[in-house]
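Colleague: the following comprises the amino acid sequence and a computationally predicted model.
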Amino acid sequence: MKKKLVLPKTSWKAFQRYRELIQVLVNRNLSVRYRGSVLGIYWSLLSPLIMTGVYTAIFGAAFASYYDDSLVNYVLAAFTGLVVINFFSASTSQALMSVVGNGALLNKMQLPMSIFPVSIITANVFQFCAGPLALLMVMAGITSRSPVNVVAVILPFVALVLICMGVGFLVSGLFVFFRDLPYFYELITFALWISSPVFYPSEIVPDNVKPFLAFNPLTRIIESLRQIVLSGDFPDLGLVAAAWLSGIILLSVGWFCFRWWKPQFMDLL
């Protein structure tokens, strides 16, 4: 007879407590963030829509030829790139402050420190699912008329979440030691935005520059989403696998560094 895998009661209780703490913090983050707001979580959808309109007005005529001479396709491509870079920038920038921002709470209560960056990114995931992700799935359904593509939109998004988790652990840990980090991180996110094919097609990038841009993990996610949403073809599993590999690597590095630095956190909070 096969033996069933049974988690120890202590591990299961710890998991339950961790999940409940994250739920409380996510609710707190969302309620504080949108207190008094009219549109609430739908601001995450309105912002990229407005920026898409701006980019289309400026670059649409020039870059439409790379999207089957269709201005509509350029609009969809720009929107796809914007929702990715906006999610990454907002999630990781907020996660950066999460441990230090809750230093007073950590000095009063014994809590797992990792819940703070995790809860920040989870709140952004909820916000993304309620707005941009639903619209991307509708777009995929219209262009491909295939339920496979509609569901496949989730795959590169999961890779994006893994990348944000890894970077969130990394920057939230580093901020405990280096309080000037937010200023440097603004430059890093700007560099990632410029080096990602957000408002321009990747075909215009010079060949001698492309090897350097290949190190940008967001590029694969944007290209994978565009392929699933815009092409109408079956999802390119190679692009999805590359995006997942980047996410797993960054999550592993971020989690390892966070765990390594954690014993020193309380002395600096």
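Modeller: Sure, I can see it.
Colleague: let me know the pLDDT of the nearest residue to residue 98 once chain neighbours are set aside.
Modeller: Of all residues not flanking residue 98 in the chain, residue 116 sits nearest, at 3.8 Å (Cβ to Cβ, 6 or more residues apart in numbering). C-beta: built from backbone N, CA, C; applies to glycine. Per-residue pLDDT puts residue 116 at 93.
Colleague: ditto for residue 5
Modeller: pLDDT for residue 5: 44.
Colleague: now do the nearest residue to residue 227 once chain neighbours are set aside against residue 159, distance only.
Modeller: Of all residues not flanking residue 227 in the chain, residue 236 sits nearest, at 5.0 Å (Cβ to Cβ, 6+ apart). Separation of residue 236 from residue 159 (Cβ to Cβ, to the nearest Å): 13 Å.
Colleague: likewise residue 185?
Modeller: In this view, residue 185 and residue 159 are 21 Å apart by Cβ to Cβ.
Colleague: any idea which helix or strand carries residue 240?
Modeller: Assigned by DSSP states H and E, residue 240 belongs to helix 237-261.
Colleague: that helix packs against which elements?
Modeller: Applying 3 or more Cβ pairs under 8 Å, 6 or more residues apart in numbering; DSSP states H and E, one finds that helix 237-261 contacts helix 154-177, helix 217-230.
Colleague: what's next to that helix, contact-wise?
Modeller: Helix 237-261 is contacted by residues 113-114, 117, 152, 155-156, 158-163, 165-170, 172-174, 176-177, 217, 220-221, 223-224, 227 when judged by Cβ atoms under 8 Å, 6 or more residues apart in numbering.
Colleague: tell me the angle of it relative to helix 217-230?
Modeller: Interaxial angle, helix 237-261 versus helix 217-230 (axes from the mean of the first three to the mean of the last three Cα atoms, to 10 degrees): 140 degrees.
Colleague: which helix or strand lies directly C-terminal to whichever strand or helix holds residue 77?
Modeller: Using DSSP H and E, the element containing residue 77 is helix 71-96. Remark: after helix 71-96, the chain's next helix or strand is helix 98-101, criterion DSSP H and E.
Colleague: using PDB, write down the CA coordinates of that following helix.
Modeller: The C-alpha trace of helix 98-101 is given here as PDB (Å, rounded to 0.1, in the frame of the first residue of the first chain):
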ATOM      1  CA  SER A  98       7.600  46.600   3.600                       C
ATOM      2  CA  VAL A  99      10.000  45.300   6.200                       C
ATOM      3  CA  VAL A 100      11.400  48.600   7.400                       C
ATOM      4  CA  GLY A 101       7.900  50.100   7.300                       C
END
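Colleague: please spell out which residues along whatever helix or strand comes next after that helix are buried.
Modeller: Downstream of helix 98-101, the first helix or strand assigned by DSSP H and E is helix 103-108. For helix 103-108, burial by neighbour count (16 or more other Cβ atoms under 10 Å) applies to 103, 106.
Colleague: list the contacts of helix 103-108.
Modeller: 99, 111, 113, 265-266, 269.
Colleague: and the closest residue to residue 229 other than its chain neighbours, what does it touch?
Modeller: Once flanking residues are discounted, residue 229 sits nearest to residue 140: 4.6 Å by Cβ to Cβ, 6+ apart. Taking Cβ under 8 Å, 6+ apart, we find residue 140 in contact with 149-150, 152-153, 228-229.
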